Each structure stands twice: as structure tokens, then as C-alpha cells.
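**Q** need a structure here:
(4 chains)
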2 protein chains.
Amino acid sequence: MTKPLIRKLEQSDVLSDEEKAVLERSFTRIRDFKADEDIVREGDRPTESCIIVEGFAARYKLLPSGRRQISAIHISGDFVDLHSFLLKTMDHGVVTLSPSRVAFVPHAVLNTISEQHPHLTRLLWLSTLIDAAIHRQWLTTMGRSSAVAQMAHLLCELHVRLNAVGLTNGMSFHFPITQEELGDALGLSTVHVNRVLTELKAGRLVQWAGGGAVTILDWDRLRDIAEFSPTYLSLQNEPR
Amino acid sequence: MTKPLIRKLEQSDVLSDEEKAVLERSFTRIRDFKADEDIVREGDRPTESCIIVEGFAARYKLLPSGRRQISAIHISGDFVDLHSFLLKTMDHGVVTLSPSRVAFVPHAVLNTISEQHPHLTRLLWLSTLIDAAIHRQWLTTMGRSSAVAQMAHLLCELHVRLNAVGLTNGMSFHFPITQEELGDALGLSTVHVNRVLTELKAGRLVQWAGGGAVTILDWDRLRDIAEFSPTYLSLQNEPR
DNA sequence: CGGTGTGTTGACAGCCATCAAGAGCCGTGG
DNA sequence: CCACGGCTCTTGATGGCTGTCAACACACCG
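**A** All right, here's what the predicted structure looks like:
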């Protein structure tokens, strides 16, 4: 069940067999979640961290006014709340977007890894740094791009990330999300999300069939609209 | 020169004397920067990381269209590009906002720390996780709050962070930033930043004298407007 | 003293939020 | 089998927050 995680870490550096074995015996609990179910909530103090084995999840914060902002979308292989290992108190929640399989590792085990396996620890650290790099990119597109560019950027990013873990089929991928959730991710209203998608479909840039089957019809134009460049995803394999 | 860093790490957990000594002998180079000078640029592959000893700095990204977004503001004690240690290639730049003193530590030394001092490593890791938590908070206010609330939130956050390292004087603090830079941080135009500040001043919420002398006149109302809660800054001291 | 950077204000436009209503789809239960 | 409710998607009308353009004031500085 750690296959997706290992595949993801191997994008950034070489993992030794021992490191893989350590990971494999660390995840002792697995659980299936339905769609739209909280994995952890803001304010929780979990004693375990978890990875997404299969499915889609989102990090989110709620404002006192009730508005929701999604700050990250996570896919198979993402170490989705490694944060709680050191932050202790969650500053945000994590919710499934689709039915998902989630594997857990006790914080005590992570602590042992950090004491005994420094290189593996650096790779786990790196995975949280990449999360932060994605946050910075989202901040940039939210602050300085139009709604169409934001949506285009999200689709480019997802294609690259899903492709890196083998979850694309050519220019198509599965992305089960409602327009309301997209609005929460992009800081837009549901109505405007719909208009933006209509525009992207009308321009023959993207096809979005029922059930979340997304196809990018014109990558070059979509990338240009989004001003997308994948550097921030750190997909280069080198010693860390 | 590592005093501000140590003081900052000690907010989250206890540091042993040995850990402090390790930090103190790790920073071998120091350099003064003028205001508005790049410390590192996007695309750089630094061989050192650095902390802000004194002054203010900002993380930023540039879009191909030339627009700039500031994704974080850093103050005395912040480990401002620890990221490059593991990301290797910078996905963003760091620029000084004021004349600043910056201390450097070679990546090779950080690597040794990660091999020999797991607890200290976890605290450094934690500091990058807090950076990410701030990113998430900024995403939330950018996506779901008005310009006035965003500005109010930034001022609340800065007061709390500066206060934690002893850089406030009651409700006043020094914050040398132009309105253009504020716009880049909040995703607003310079003109609108000016209007928002005018509104906050008119409401007797904030006083902003020349030279960057900020005073929060009505903390409670400012906090309510911002929907500010400091949990995400992880200022609680506990074993990590 | 002119130039440059920063702050300030007004007019106007446009993107996007809000409100509202209806359509399509699906699971549930009678 | 069909009616129903709930969720999601879609579309139109309206308004407001914020961007853009422009001009000017002011401080600082070479």
C-alpha cells in the first residue's frame, strides 16, 4: 500500500531498498473513506499521519463566516497530513473528494525514522517543501491571474502531477470534483466556475465529461493562458 | 548572529545547549544587503541557505506577464531560504524590503546536522511547515476575504510574529514596506491598497506614520474584521 | 533644481459575486 | 414503476468591489 508513496518519492531522488522496506512496515493501519468525509479536522491533534493510497483529497480551512478555502488538492501517493507530525495541532482539515483509501503511520514511528534514517527523513521533509511550493504557486495565480488562467493552471498542474504517478491516459485524466469544490479551491463562486468552464470548453481547450473525465484538447494554448511552468513541482531526480 | 533564529525556534520547543552551539558554529558567512536587493533569485541553485538576522524580506514569484506576487514576508530570525537545501532549484526569489543583515550556512553543514542532530532537524523542518501554514492562511484570506479584511489580517499576523521575537513596542511595530509591495503581497493594485489603508486609518483601527511606524489602535475590531486567529502560527511550546 | 520614487485622489470600466430560477440526474421510497 | 427530494449544473439579471488610467502632491536626492 506504500507503492504510490514510494513512486512519488522516487521522482525526487533514489530510494534504497532498506528505505523502501522501512516505509513498507511503517504503515500499520488502512481505512477506506467515502467521498466528502473528513480525514482530519482543524484543531485535531492526531497521533498518526496518513497517505492517500487511492482517491482524491483536499486541504481546507473554514473562516468564522462559514466560507471555505481549499489550499491543496492531493492525489494517490501524497503524504497528506505529514504536517501533523510536527505541527501537532492541525491548522486545517483534510477531506476526501472521492471515495479513497488511506494508510496511517503512527507519529512515534515517524519519530524513529527521523532518528535513524536521515536521508529518508530529508525526502519526507522535501515532500512537505513541495507542498509549500504548490501553495506559493496557487498564491501567485490567485493574486495575479484571471479566473480563466487560474482554472487553466489548476488543470495543467493536475495533469503533470497525475502523469508523474502514472494516472493519466494521454491527455486525459480522472478528476472527480464538483464545481462548488473547484470554486473553493480557486477562490471563485460556483456560478463563475461554471462560466469559466463553459469558456474553456467553448474554446476547445478542455473537454470535461460527466463523472470527472477531463481531457486537455490543446495543451500549448492552455499552458500559455495559465502561464504554466512545472519547475515548482521539483520533479527532477537528484541527490537530496 | 544566530540569536534571533534560536529565539524563534525556542517558541516551538526546548533547544539543548549543544543544539544552540551547533547552530552558532554553522553560520560562517554574513552579509549586509541594501533595501530592494535580491538575496536569491528564481532558478538559482544556491549552495548555502540563509537567515534574516535583521531587517525584512519577501518571497516572490514573477509571472511571464511581469506581474509579481509576494508569497511571504520574513522578519528577523526567519530561516528564509532553508528551502533551497532540499529543493535545490529555487522556485521563487527572495528580496529585501529594508536594509538587512543576512547570515549563511552551507548546505553541506545542514546535511551534517540532518545526519547527526535529528531533533534539531525536526525543528528546522517545523519552521518550514509553519511557513507553509502561513501560505495556507494567506490563500484563505486571498480567496475568501475582502481587501480590507486581507490587509487587517496581514497586520494582525505581523504584530503577533514580531511580538513573538520581541520586535513590538506595545501595539506598535516597525514595518518598512511600500504600498506597491503591499499590493504585491495581497494581490491588490497599488491604488486599492491606498484606499484600503485610508479606510483603516479613517476607522481609527490603525495608524501608519511615515517611515513605517505602524500602530494598531483597536486590536479587537481589527481582529474581527480580519477573522484572525493565531493558531496557524504554531507558537505553542511543546516537544516536537 | 529637476528627476525619481512614493503616496493620494477621481473617473470609469470590468470582472466576478450575488440572487434567482430552472433543468438534469440520481437515489430513495412508496 | 413512478413520484419525490436533493444535489449539481446552467443561465440570466444586477450590483459592487477592485483594476486601470490619469493627474497631481510630496519628499528625497544627486
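
**Q** Strands of chain A, residue ranges please.
**A** Remark: strands assigned in chain A by DSSP state E are A:29-33, A:38-40, A:48-54, A:57-62, A:68-74, A:93-96, A:100-106, A:168-169, A:172-174, A:206-209, A:213-216.

**Q** Mean neighbour count and mean pLDDT added to those strands, as a markdown table?
**A** For the C-beta atoms, the positions are set from N, CA and C on the backbone; glycine is no exception. Formatted as a markdown table, those follow (neighbours: other CB atoms under 10 Å in any protein chain shown; pLDDT from 0 to 100):
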| stretch | mean neighbour count | mean pLDDT |
| --- | --- | --- |
| strand A:29-33 | 13 | 95 |
| strand A:38-40 | 19 | 97 |
| strand A:48-54 | 22 | 97 |
| strand A:57-62 | 22 | 98 |
| strand A:68-74 | 23 | 98 |
| strand A:93-96 | 22 | 97 |
| strand A:100-106 | 21 | 97 |
| strand A:168-169 | 15 | 96 |
| strand A:172-174 | 17 | 97 |
| strand A:206-209 | 15 | 94 |
| strand A:213-216 | 18 | 97 |
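
**Q** what residue lies at the spatial centre of chain A?
**A** Chain A has residue A:74 as the residue nearest its centroid, 2.2 Å off, counting by CA atoms, centre = their mean.

**Q** quick one: that residue and residue A:56 touch, right?
**A** Yes. Shown here, residue A:74 and residue A:56 form a contact pair, counting by CB atoms under 8 Å, at 7.0 Å.

**Q** which strand residues sit across from the residue nearest to the centre of chain A in the sheet?
**A** Note on residue A:74: beta-bridge partners by DSSP bridges are residue A:57.

**Q** show me the contacts for residue A:162.
**A** A:75, A:168, A:173 (CB atoms under 8 Å, 6 or more residues apart in numbering or on different chains).

**Q** Next, format those as a markdown table and append distance to residue B:61.
**A** Output for those, formatted as a markdown table (distance: CB to CB, whole Å):
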| residue | distance to residue B:61 |
| --- | --- |
| A:75 | 23 |
| A:168 | 26 |
| A:173 | 26 |
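
**Q** The closest residue to residue A:121 other than its chain neighbours and residue B:123: what is the separation?
**A** Closest residue in space to residue A:121, ignoring its immediate chain neighbours: residue A:114 at 4.7 Å, by CB to CB, 6 or more residues apart in numbering or on different chains. Shown here: residue A:114 relative to residue B:123, a distance of 11 Å by CB to CB, to the nearest Å.

**Q** Relative to residue A:193, which of the strands of chain A is closest?
**A** strand A:206-209 (11.3 Å; CB to CB).

**Q** domains for chain A, by residue range?
**A** A:3-121, A:137-233 (automatic domain parsing).

**Q** For DNA strand C, give me its nearest residue in chain A.
**A** Residue of chain A nearest DNA strand C, by CB to the nearest atom of the strand: residue A:192 (3.0 Å).

**Q** what does chain A have sitting close to DNA strand C?
**A** Residues of chain A lying close to DNA strand C (CB under 7 Å from any atom of the strand) are A:146, A:147, A:148, A:187, A:188, A:189, A:191, A:192, A:210.

**Q** burial measure for the third one, as a count.
**A** Using other CB atoms under 10 Å in any protein chain shown, residue A:148 is surrounded by 17 other residues.

**Q** what sits against it?
**A** By CB under 8 Å, 6+ apart, the neighbours of residue A:148 are A:196, A:199, A:200, A:225.

**Q** picking up where we left off before, residue B:152: which of the domains of chain A is closest?
**A** Among the domains of chain A, domain A:3-121 comes nearest to residue B:152, with 13.0 Å by CB to CB.
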